[in-house]
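Novice: what shape does this take:
(2 chains)
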Number of protein chains: 2
Amino acid sequence: MVRTVALENGKVKLIDQRKLPLYLEYKTCGNYKEVAEAIRDMAVRGAPAIGATAAYGMVLAAREFMGLGKEEFLSSLLAASRELAATRPTAVNLFWALREIEQVINEHRADNIEAICRSILETAEKIAGDDIETNKKIGEYGNTLVPRDANILTHCNTGSLATVEFGTALGVIRAAHGDGKSIHVYADETRPRLQGARLTAWELVQEGIPATLIPDSAAGTLMRQGRIDLVLVGADRIALNGDTANKIGTYSVAVLAKENNVPFYVAAPTTTIDFMIDTGEQIEIEERDRSEVTHIDGVQIAPDGIGVYNPAFDVTPAEYITAIITEKGVVGYPYEEKLRNLKV
Amino acid sequence: MVRTVALENGKVKLIDQRKLPLYLEYKTCGNYKEVAEAIRDMAVRGAPAIGATAAYGMVLAAREFMGLGKEEFLSSLLAASRELAATRPTAVNLFWALREIEQVINEHRADNIEAICRSILETAEKIAGDDIETNKKIGEYGNTLVPRDANILTHCNTGSLATVEFGTALGVIRAAHGDGKSIHVYADETRPRLQGARLTAWELVQEGIPATLIPDSAAGTLMRQGRIDLVLVGADRIALNGDTANKIGTYSVAVLAKENNVPFYVAAPTTTIDFMIDTGEQIEIEERDRSEVTHIDGVQIAPDGIGVYNPAFDVTPAEYITAIITEKGVVGYPYEEKLRNLKV
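Specialist: Below you'll find the model as predicted:
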């Protein structure tokens, strides 16, 4: 288990995920602009990890502006927050974490500058600490669904690297492994960005959890051969009825699981539930650049002139999801009332 | 439309498909061992193309052994045939083509060596010529199933490059396009070897057929959005009950098609039908090297120490297949009696 992002000796230290799986390199950001750059250039990725990183970026911004007068200090902080928010267009946790920090600044604007800095630091550490605690609870609840001997299929990366430290779906796997269960993980490589091959496989090797990497298209035949006992995936956004937006390919895995009577579980914190939307129909699907499909690490694999469709996510209808695992417990289909009850 | 393999100036000339889509390069094999190597290393791939290539390989073997005594000539030929047969385990056309050649050798074993060589040459040219004719008939029959406006999903490469010249599933697409129908092709990239991205996309761009390349995992969401009217795939081996072995991922596409009420068609010559096996259970699935999953063009994308499962094919049960398109007509589920009737 690695700590993806932390505050260390007054600097933000994060794993440069672009170097994985070949090199575990840390990037140290001495000021908030470097933090913004790390998010923009995807040295750090994964919605919860991005949120915590941005919060830490605000800690650095506050220290950088300490020498200014109070009004200038506050307006510079707001400008820094906007700069950090502009790094990635769709990461909900990024905006949420920055809103938390801004709210604390507002509540403490009568305090002296040092006290405001302290409040920002406390909030950032709380955001990161809460993420770890939430993930561990998801792991505990999820573990109750994992048999003592289990072959588990997962898609994309939902581990330490996507969060501050523990992971969501991969956190459940970590918890089951830590509990002494005999588990074996099949990791979809997850084209086009290969988060399964690059990140999930790396985490599993690091922890000595028995694991096998497969092309996404081999998941179905494994299920038909009876070699998968359950599927565990994360979520980017969950509608009130349980429809779940997640990495492209999740829907296919869900359909194949249903066809082969394999339980299909979504593991996600309740912050992933969007209480403003009723169904997945309302979730807009982001399309990413064609080069993710036509090139791999700069190597061209498709001819010039071919059209490309590259959706980042798909929506899995609730009826394919056996249960949703949150830090507040496990809920089963149908979801609407149960998810509503999870709202604080 | 390109000619994938031919006999030219006493040598076997084939397109080195590993160089596409960036370079159209030909490889020339001067002896049968080089032909075996080209099949084993997948310079040539696609079941019908492999069959014709192996037959041409036997032409070279016969010429290489011409200086031997009759008995040694015949036994060396048999050994060469076994060597060629051992290059790939799943492609039934490979074994079929070599059996045809062996049968001709047997029928002519009383002839002199030169006459036997001539018979082998004639048979090899007939196998290649028949493949082209057969594909064109598959195209004609398949075209009757394609609406005038159609979005067609295909998997792997089943075009000129998979056959001697015309193609099976992509041959149907070629025929429909040639017939003036307004078609649009969605091509699965087909990990791990990316035949869709490298070969199918290349053929479609070459012919000006409107086409879009997608990651394999995006096929499901396209079907759910109602954007696919039919699926067309090829086959590596068809059991008597219609169970079909084809490129890994075909089974997933079939399940997703069924779930979304999209017709799923297999296009293949009757030589792909293995009349010796009753069901897909009896089909051996070739597993290929882990490096196909961990590396792309020499670039490492997965960590050392991770396990890999890399099956080349999967088996799609007959009940997912709406119809099988052959050069002798279109047959629908259930298949056993109808396929038996196709046997010459």
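
Novice: surely A:K27 touches A:A38?
Specialist: Yes: A:K27 is within contact range of A:A38, at 5.9 Å (criterion: Cβ atoms under 8 Å). Placement of C-beta: from N, CA and C, glycine included.

Novice: higher neighbour count, those two?
Specialist: Neighbours were counted for A:K27 and for A:A38 using other Cβ atoms under 10 Å in any protein chain shown; A:A38 has more, 23 against 20.

Novice: I'd assumed that one was in a helix, is it?
Specialist: Yes: with DSSP: H, G, I helix; E, B strand; the rest coil as the criterion, A:A38 is part of a helix.

Novice: on that earlier part again, residues shared between the contacts of A:K27 and A:A38?
Specialist: A:14, A:16 (Cβ atoms under 8 Å, 6 or more residues apart in numbering or on different chains).

Novice: list the buried ones in stretch A:141-152?
Specialist: Buried residues in stretch A:141-152, defined by neighbour count with 16 or more other Cβ atoms under 10 Å in any protein chain shown: A:141-143, A:145-146, A:150-152.

Novice: so which of those belong to helices?
Specialist: Among those, DSSP state H puts A:141-143 in helices.

Novice: burial measure for A:W202, as a count.
Specialist: 26.

Novice: again with the one 10 residues further on
Specialist: Per other Cβ under 10 Å, the neighbour tally for A:T212 reads 22.

Novice: and the residue of chain A most remote from its centre, what are its phi and psi?
Specialist: Within chain A, A:G69 marks the point farthest from the mean C-alpha position, 37.8 Å out by Cα atoms, centre = their mean. Reported as degrees, to the nearest 10, the phi and psi values for A:G69 are phi -70, psi 160.

Novice: same check, this time on A:P311
Specialist: phi -70, psi 140.

Novice: can you list the weak-confidence ranges in the stretch 201-344 of chain A?
Specialist: Scanning the stretch 201-344 of chain A with the threshold set as pLDDT under 70 gives A:344.

Novice: at 90 instead, please
Specialist: Flagging of the stretch 201-344 of chain A using pLDDT under 90 yields the residue ranges A:236-237, A:271-272, A:274, A:283-286, A:288, A:297-298, A:343-344.

Novice: per the record, what domains does chain A have?
Specialist: A:5-136, A:137-341 (automatic domain parsing).

Novice: between those domains, which one is closest to chain B.
Specialist: For those, proximity to chain B was assessed by Cβ to the nearest Cβ; domain A:137-341 is nearest, at 2.8 Å.

Novice: quote the end-to-end distance of stretch A:145-165.
Specialist: Taking Cα to Cα, to the nearest Å, the first and last residues of stretch A:145-165 lie 22 Å apart.

Novice: for that stretch, the averaged confidence score.
Specialist: For stretch A:145-165, mean pLDDT is 96.

Novice: mean confidence for the helix or strand hosting A:S75?
Specialist: Per DSSP states H and E, A:S75 falls inside helix A:70-85. Averaged over helix A:70-85, pLDDT sits at 97.

Novice: so what touches it?
Specialist: Contacts for helix A:70-85 (Cβ under 8 Å, 6+ apart): A:32-33, A:35-36, A:39, A:54, A:57-58, A:61-62, A:65-66, A:68, A:94-95, A:98, A:101-102, A:105, A:109, A:113, A:116.
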